[in-house]
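Enquirer: Generate a structure from the sequence data that follows.
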Amino acid sequence: MGEIIQKNLELMVKDDFSDGSFKECICSESLGGNAGSVTIGGKEYSCGGANFVYDTGSGQILYFGNSQNFPEKIKEKIATGKAKHSTFRVAVKFGEDISEIRFRIVEHYFNGKSNNPAVRTILESVNKYNTEYGFD
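Expert: Below you'll find the model as predicted:
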């Protein structure tokens, strides 16, 4: 599972705004609104939702984005039960410019059981992301 966690982290920290990347997904969402805000370390941060699709067998995150933007191959995997979609609630910390923006995944929403191996892999990926790349 270490290899899958590494692939998840690569997609989550990809430093561009390409289709399907974590950063593009969050930065294209409106902040606050339905996702609200969260207090971390005594400071309040706006949140956004990051929808994603993951492989139900391995827990590999395949794509970040909204369902209307899913590539056809992702839609096929969902239709056959090989993938599911879910959502992270993500706090956003702005810096002086866009290159300094930081994130912290503060909640996750899974449809179905959260104790299956694929979901556990995603949760391990979240913990590693928050520890290594998130903010406190």
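
Enquirer: Wait, a strand at residue 20?
Expert: No. Counting by DSSP: H, G, I helix; E, B strand; the rest coil, residue 20 is not part of a strand but coil.

Enquirer: Give me the pLDDT value at residue 50.
Expert: At residue 50, the pLDDT value in this model is 92.

Enquirer: Work out for me the element it sits within.
Expert: strand 43-55 (DSSP states H and E).

Enquirer: buried set for that strand?
Expert: For strand 43-55, burial by neighbour count (16 or more other Cβ atoms under 10 Å) applies to 45-55. C-beta here means a position set from N, CA and C on the backbone, and glycine is covered the same way.

Enquirer: now the residues you listed in JSON lines, with distance to residue 66?
Expert: Formatted as JSON lines, the buried residues of strand 43-55 follow (distance: Cβ to Cβ, whole Å):
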{"residue": "45", "distance to residue 66": "22"}
{"residue": "46", "distance to residue 66": "19"}
{"residue": "47", "distance to residue 66": "16"}
{"residue": "48", "distance to residue 66": "12"}
{"residue": "49", "distance to residue 66": "9"}
{"residue": "50", "distance to residue 66": "10"}
{"residue": "51", "distance to residue 66": "6"}
{"residue": "52", "distance to residue 66": "10"}
{"residue": "53", "distance to residue 66": "11"}
{"residue": "54", "distance to residue 66": "15"}
{"residue": "55", "distance to residue 66": "19"}
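
Enquirer: contacts for the top helix by length along the chain?
Expert: When the chain is parsed with DSSP state H, its longest helix is helix 117-132. Outside helix 117-132, the residues within contact range by Cβ atoms under 8 Å, 6 or more residues apart in numbering are 1, 4-5, 8-9, 12-13, 54-61, 86, 88, 104-105, 108, 110, 113-114.

Enquirer: Okay, buried residues for the helix or strand of the chain with the lowest mean pLDDT please.
Expert: Least confident helix or strand of the chain, by mean pLDDT, DSSP states H and E, is helix 22-27 with a mean of 82. Neighbour-count burial for helix 22-27 flags 22-26 (criterion: 16+ other Cβ under 10 Å).
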